[in-house]
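Colleague: no FASTA, just this:
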């Protein structure tokens, strides 16, 4: 076992270096709240791709894909996980330019929802988005605290305080710009670590041929690309991740941070191309763990990655993995601190009369502090948030299609989106395995529940919500003029936008769908 | 359909190669962007 002192020193040095970089890069560059939460038109394709890779690849890639490979369906499940993680990036290649064209001076997904649909859906989406992002953040903090505890006996509270505290220092000072820059450097360290680490592990285990022979001897079904449990898991994960990532404010911020539309497209495409192989490689560790007989009695699928590393490498390599894990968590945590802060800050002008730029910047920093404090607290407790994660994913799956429909359809409206989300959520809950106990208590329905299935739950949540929202929109005679979005959503540092009627007032003349 | 050792090797080494190539490309892009940004900043 690596000593606690060695791991602590390495962790603090890593944290201090990136904190210093974040502070150095943003010195004198944060002039307004716009710089703090949007950093509009600042990143080229390389920086856009790098920040997307770093932000989406948290410490979870060391646990979840390998667990999927070991316990949830082998290679088919891993492929589903990889595709599910890459597809949202590909979707934003198409959705991102639309957002920029309709709302050129926007900041957050919730201000779009407020202007496009109204206060009811706005509040709902705000709760869903913040819940998802905070649970993600809590899972990262709990994961790294648990990992450092496991590897070197570092107390969970100390890991949470160190990582949360250092990340807070540069995000509270430099906002999104600090996150974008540190993410870029972190990606340039993470990518070679991943490539060399995975290649080295396969080589140390005797090569791909040996790993294949081991897996074929112990768990041949995990090499079956048509293995039904794997395909089912892969399909459910694709819907769950797509829904959740559409509600992730971090990506909406990066849509605006990209220099222009072409840069945005290139950045998101490169991120998708990078994410897929990284998940595949991480997931294959689960198959290897099965092949080596490490999962099962005395082993645990969720730590397959570490079990294989222990088998393949000497103990000192653990130090490199600690460095990788700390970088993965830092880059995700700074992104989520700023994303949650931006959601609340962009809403303040609707709650406070004519806030000035200075007040909004202070508020953004205050919210960043509050989010960090919450994340440190949860991380220090070492709670497992897997159940909450799945519930947040289901909420997002039942919301994202009605929400995105409003970017193209002039017929989409708040009643339809809310009705769709509620119907999708209820339909999903009927099949949702982890809330089975609560739902089965409902009289009459409880006795007639269909077989539990994550795939059915997420499929019904997504498709059901979209169908109901679309149907209500078709039945309505009113239209929304999409050009209003650009007029109603403006910069935060130039005073309040002109008073706008509610989305259901001032209807545009009836006409066809937007192009 | 069970994948063979060759297919697994293509997946593993293809993924490693893709990550490595992307790293090189990203480094080049980020350096170029930093250079361009520096050149466009007002002097003095």
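Modeller: All right, it came through fine. These numbers were taken from a predicted model, which means no experiment stands behind them. Numbers count the residues shown, from 1 in each chain, chains lettered A, B, ... in the order given.
Colleague: separation between whichever residue of chain B sits closest to chain A and residue A:255?
Modeller: Nearest to chain A, among the residues of chain B, is residue B:29, at 2.9 Å (CB to the nearest CB). For glycine as for every other residue, the C-beta is placed from the backbone atoms N, C-alpha and C. Relative to residue A:255, residue B:29 is positioned 19 Å away (CB to CB, to the nearest Å).
Colleague: go on, residue A:399?
Modeller: Between residue A:399 and residue A:255 the computed distance is 19 Å (CB to CB).
Colleague: So those two - more neighbours on which side?
Modeller: More crowded of residue A:399 and residue A:255, by other CB atoms under 10 Å in any protein chain shown: residue A:399, with 33 against 22.
Colleague: any idea how far residue A:163 is from that one?
Modeller: 30 Å.
Colleague: what sits up against the lowest-mean-pLDDT helix or strand in chain A?
Modeller: The helix or strand of chain A with the poorest confidence is helix A:436-440; it has a mean of 73 (mean pLDDT, DSSP states H and E). With contact meaning CB atoms under 8 Å, 6 or more residues apart in numbering or on different chains, helix A:436-440 is reached by A:429, A:430, A:432, A:445, A:446, A:449, A:452.
Colleague: Throw together a ChimeraX command that grabs the buried residues out of those.
Modeller: To isolate the buried ones among the contacts of helix A:436-440 in ChimeraX, judged by 16 or more other CB atoms under 10 Å in any protein chain shown, type:
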select /A:429,430,432,452
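Colleague: and the contacts of helix A:436-440, which of them are in helices?
Modeller: Counted as lying in helices by DSSP state H, out of the contacts of helix A:436-440, are A:429, A:430.
Colleague: In CSV: the contacts of helix A:436-440, plus distance to residue A:240.
Modeller: Output for the contacts of helix A:436-440, formatted as CSV (distance: CB to CB, whole Å):
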residue, distance to residue A:240
A:429, 14
A:430, 17
A:432, 11
A:445, 24
A:446, 25
A:449, 21
A:452, 15
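Colleague: wait, which of the contacts of helix A:436-440 is closest to chain B?
Modeller: residue A:452 (28.3 Å).
Colleague: Look up how far residue A:333 lies from the closest one.
Modeller: 33 Å.
Colleague: Can you tell me the closest non-neighbouring residue to residue B:32?
Modeller: With CB to CB, 6 or more residues apart in numbering or on different chains as the criterion, residue B:32 has its nearest non-adjacent residue at 7.3 Å, and that residue is residue A:46.
Colleague: burial count for the one you found?
Modeller: Neighbour count of residue A:46, defined by other CB under 10 Å: 25.
Colleague: what do you get for residue A:462?
Modeller: Neighbours of residue A:462 (other CB under 10 Å): 24.
Colleague: can you pull the contacts of the closest residue to chain B within chain A?
Modeller: In chain A, the residue that lies nearest chain B is residue A:46 (2.9 Å; CB to the nearest CB). Contact partners of residue A:46, counting by CB under 8 Å, 6+ apart, are A:184, A:267, B:26, B:28, B:29, B:30, B:32, B:33.
Colleague: which of these are buried?
Modeller: Applying 16+ other CB under 10 Å to the contacts of residue A:46, the neighbour count classes A:184, A:267, B:26, B:29, B:30, B:33 as buried.
Colleague: Can you list phi and psi of the closest residue to residue A:405 other than its chain neighbours for me?
Modeller: Excluding the flanking residues, the one nearest residue A:405 by CB to CB, 6+ apart is residue A:412, at 4.5 Å. Main-chain torsions, residue A:412, degrees, to the nearest 10: phi -60, psi 140.
Colleague: Pretty sure residue A:412 sits against residue A:404.
Modeller: No: checked against CB atoms under 8 Å, the pair residue A:412 and residue A:404 is beyond contact range at 9.2 Å.
Colleague: Looking at those two, which one has more neighbours?
Modeller: More crowded of residue A:412 and residue A:404, by other CB under 10 Å: residue A:412, with 28 against 20.
Colleague: OK, contacts around residue A:280?
Modeller: Neighbouring residues of residue A:280 by CB under 8 Å, 6+ apart: A:65, A:78, A:79, A:82, B:11, B:15.
Colleague: Kindly report the same for residue A:103.
Modeller: Residue A:103 is in contact with A:112, A:115, A:485, A:486, A:489, counting by CB under 8 Å, 6+ apart.
Colleague: List buried residues within the residues you listed.
Modeller: Buried among the contacts of residue A:103 (16+ other CB under 10 Å): A:112, A:115, A:485, A:489.
Colleague: re the thing from before, so can I have JSON lines of the contacts of residue A:280 showing pLDDT, distance to residue A:354 and neighbour count?
Modeller: Output for those, formatted as JSON lines (pLDDT from 0 to 100; distance: CB to CB, whole Å; neighbours: other CB atoms under 10 Å in any protein chain shown):
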{"residue": "A:65", "pLDDT": "89", "distance to residue A:354": "48", "neighbour count": "28"}
{"residue": "A:78", "pLDDT": "93", "distance to residue A:354": "53", "neighbour count": "31"}
{"residue": "A:79", "pLDDT": "93", "distance to residue A:354": "52", "neighbour count": "24"}
{"residue": "A:82", "pLDDT": "94", "distance to residue A:354": "48", "neighbour count": "25"}
{"residue": "B:11", "pLDDT": "92", "distance to residue A:354": "57", "neighbour count": "19"}
{"residue": "B:15", "pLDDT": "94", "distance to residue A:354": "53", "neighbour count": "23"}
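Colleague: Out of those, which two sit at the greatest distance?
Modeller: A:65 and B:11 (13.2 Å; CB to CB).
Colleague: I'm done for today, thanks for sticking with me.
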